[in-house]
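Trainee: 3D, please:
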Amino acid sequence: MKWETALTDYRHYLKIERGLSLNSIQNYSLDIAKLIKFLETNDIKVAPIHISEEIVQQFIYETAKTLNARSRARIISGLRGFFNFLVFEDYRKDNPLDLVEAPKIGRKLPDTISTEEIDEIIAAIDLSKNEGERNRAIIETLYGCGLRVSELIELKISDLFFEEGFIKVTGKGDKQRFVPISEYTRKYINIYRKKVRVHQVIEKSSSDTLFLNRRGKKLTRAMIFTIVRRLAEKAGIRKKISPHTFRHSFATHLLENGADLRPIQQMMGHESITTTEVYMHVDRRHLRKVMEEFHPRR
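Mentor: As a prediction, this is how the structure comes out:
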C-alpha cells in the first residue's frame, strides 16, 4: 500500500465513518503529510504498513526541535489515529506509536474578554459603510449565540426561527442543535438584512446564506478572523483576539452570572461535559460563590 492510497482511504474514513468536518480532516492529513515529507527528505523508502517504531520516533525527535509541547502532542495523536485506522482495516498488526508517549501538557484556559471590551469593539465599527451593519451583526451573533466560526459562515436564513427565539446551528460532524437568540441579537441581524443584504446582488448558491461578502458570496473563515482582528486593533485592545474569543466569552459570562454547565454544554454543542468544564477554571469567583451559597458550613 502506498502512502497516497493510505492517506486517501483515511480521509474517506474520517469523513464518512467519523463524520469530521473538512477542517478537521485537513488538520489530520497535515500530520501524515509531514511524516511523508520526512521520509522523502531522508530517502527512507518504506510503506505505511511496514514503517517501524524507530523511524516514527526519529521523525518525532526531529519534529520536536521546532515545535512546542502542545504541537508535538497533537502530531503524535494524529499519527496514532492514522495507524489505528490501518490496524482496524487489517493493513498492519500493530501501531508503531503504541509505546510513544506524548508530552504532558496542561489544559489551556480559553482567552476571554469583558463585556466592556466587547462594547469597545462594536463601537469601533464604521456604520457609515455597508459592511459595518454586517460586521456588527456578525460580532453580536458570535458573542450572543456562542458560535464557532464555521457555524457562523454556514448560518442560513432558513435557520433563523426568530418568532420562537432560536436559530438552528450545524456544528461539528454536521450535528444540528437549536441555540436561543436574544432580542438584542435578532435586532442587529434584521437591520443588516433590511438595510444591506436586501440590496445586494447575490450569487445563486449563496441565496440562503445569511452573512455575505461584497460580491454576494459566502464569507470565508479567514475573512471573519480579519474582521475581528482589525476591529480589536481599532478599539485599542492589545489582547490576542479571534472569533473564538467571543465564543469563550459567551460561555464564561453565562457561568459568571449563575448559569449551570449543562445548558451551556448544549448551547455550545460540546459532545462531552468535560469540554465545558474548562470554563469552571476561568472565573474562580463563580466557584467561591457556589461554595458560599450551597455548602452546609458556609
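Trainee: use CA for all of it now, contacts and neighbours both
Mentor: Will do.
Trainee: residues contacting the residue nearest the centre of the chain?
Mentor: Nearest to the geometric centre of the chain sits Arg148, at 5.4 Å (Cα atoms, centre = their mean). Going by Cα atoms under 8 Å, 6 or more residues apart in numbering, Arg148 touches 142, 171, 243-244, 247.
Trainee: From Thr66, how far out is it?
Mentor: Per Cα to Cα, to the nearest Å, Arg148 is found 29 Å from Thr66.
Trainee: And for Ile273?
Mentor: 34 Å.
Trainee: mind listing the strands in the stretch 151-298 of the chain by residue range?
Mentor: Using DSSP state E, counting those that start in this stretch, the strands of the stretch 151-298 of the chain run over 160-161, 166-170, 176-180.
Trainee: Flag the shaky bits of the chain, pLDDT-wise.
Mentor: For the chain, the stretches flagged by pLDDT under 70 are 64, 102-110, 279-292, 294-298.
Trainee: how does it divide into domains?
Mentor: Per automatic domain parsing, the structural domains of the chain span 3-88, 115-291.
Trainee: if you skip the residues just before and after it, what's nearest to Leu20?
Mentor: Gly173 (4.8 Å; Cα to Cα, 6 or more residues apart in numbering).
Trainee: Spit out the contact partners of the one you found.
Mentor: 18-21.
Trainee: Next, give me the two most distant ones among these.
Mentor: Longest distance between any two of those is 9.2 Å, between Arg18 and Ser21; criterion Cα to Cα.
Trainee: So which of these two has more stuff around it?
Mentor: Under the neighbour definition other Cα atoms under 10 Å, Arg18 and Ser21 were set side by side, and Ser21 has more, 15 against 12.
Trainee: From Gly173, how far out is that one?
Mentor: In this view, Ser21 and Gly173 are 6 Å apart by Cα to Cα.
Trainee: Next: Phe246.
Mentor: Phe246 sits 22 Å away from Gly173, going by Cα to Cα.
Trainee: go on, Glu54?
Mentor: Distance, Glu54 to Gly173, by Cα to Cα: 35 Å.
Trainee: List the contacts of the helix or strand hosting Asn23.
Mentor: Using DSSP states H and E, Asn23 sits within helix 22-41. Applying Cα under 8 Å, 6+ apart, the external contacts of helix 22-41 come out as 3, 7, 11, 14-15, 45-46, 59, 75, 78-79, 82.
Trainee: Swap in 10 Å and give it another go.
Mentor: Here helix 22-41 makes contact (Cα atoms under 10 Å, 6 or more residues apart in numbering) with 3-4, 6-8, 10-15, 18-20, 43-48, 55-56, 58-60, 62-63, 74-79, 81-82, 150, 172-173.
Trainee: Turn the buried ones among those into a named ChimeraX selection, would you?
Mentor: To isolate the buried ones among these in ChimeraX, judged by 16 or more other Cα atoms under 10 Å, type:
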select :6,7,10,11,14,15,19,20,48,55,56,59,60,63,74,75,76,77,78,79,81,82,150,172
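Trainee: buried set for stretch 238-253?
Mentor: Across stretch 238-253, burial judged by 16+ other Cα under 10 Å covers 241-253.
Trainee: Turn those residues into CSV, including distance to Val87.
Mentor: Formatted as CSV, these follow (distance: Cα to Cα, whole Å):
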residue, distance to Val87
Ile241, 41
Ser242, 38
Pro243, 38
His244, 36
Thr245, 38
Phe246, 40
Arg247, 37
His248, 37
Ser249, 41
Phe250, 41
Ala251, 39
Thr252, 41
His253, 44
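Trainee: Any idea how far whatever helix or strand Glu117 lives in is from the middle of the chain?
Mentor: If you go by DSSP H and E, Glu117 is part of helix 115-123. Offset of helix 115-123 from its chain centre (Cα atoms, centre = their mean, to the nearest Å): 22 Å.
Trainee: Use 516 as the first number for this chain going forward.
Mentor: Got it, first residue is 516 now, which makes that one helix 630-638.
Trainee: Next, the angle helix 630-638 makes with the helix or strand just after it.
Mentor: Using DSSP H and E, the helix or strand that follows helix 630-638 towards the C-terminus is helix 645-660. In terms of direction (axes from the mean of the first three to the mean of the last three Cα atoms, to 10 degrees), helix 645-660 departs from helix 630-638 by 160 degrees.
Trainee: Restricting to C-alpha, output helix 645-660 in CSV.
Mentor: What follows is helix 645-660 as a C-alpha-only set of coordinates in CSV (Å, rounded to 0.1, in the frame of the first residue of the first chain):
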residue,chain,number,x,y,z
ASN,A,645,-22.4,48.8,4.2
GLU,A,646,-20.2,46.2,5.7
GLY,A,647,-20.5,48.0,9.1
GLU,A,648,-24.0,46.8,9.7
ARG,A,649,-22.9,43.3,8.6
ASN,A,650,-19.9,43.3,10.9
ARG,A,651,-21.9,44.5,13.9
ALA,A,652,-24.4,41.6,13.3
ILE,A,653,-21.5,39.2,13.0
ILE,A,654,-19.9,40.2,16.3
GLU,A,655,-23.3,40.2,18.0
THR,A,656,-24.1,36.7,16.7
LEU,A,657,-20.6,35.3,17.6
TYR,A,658,-21.0,36.6,21.2
GLY,A,659,-24.7,36.4,21.6
CYS,A,660,-25.0,32.7,20.5
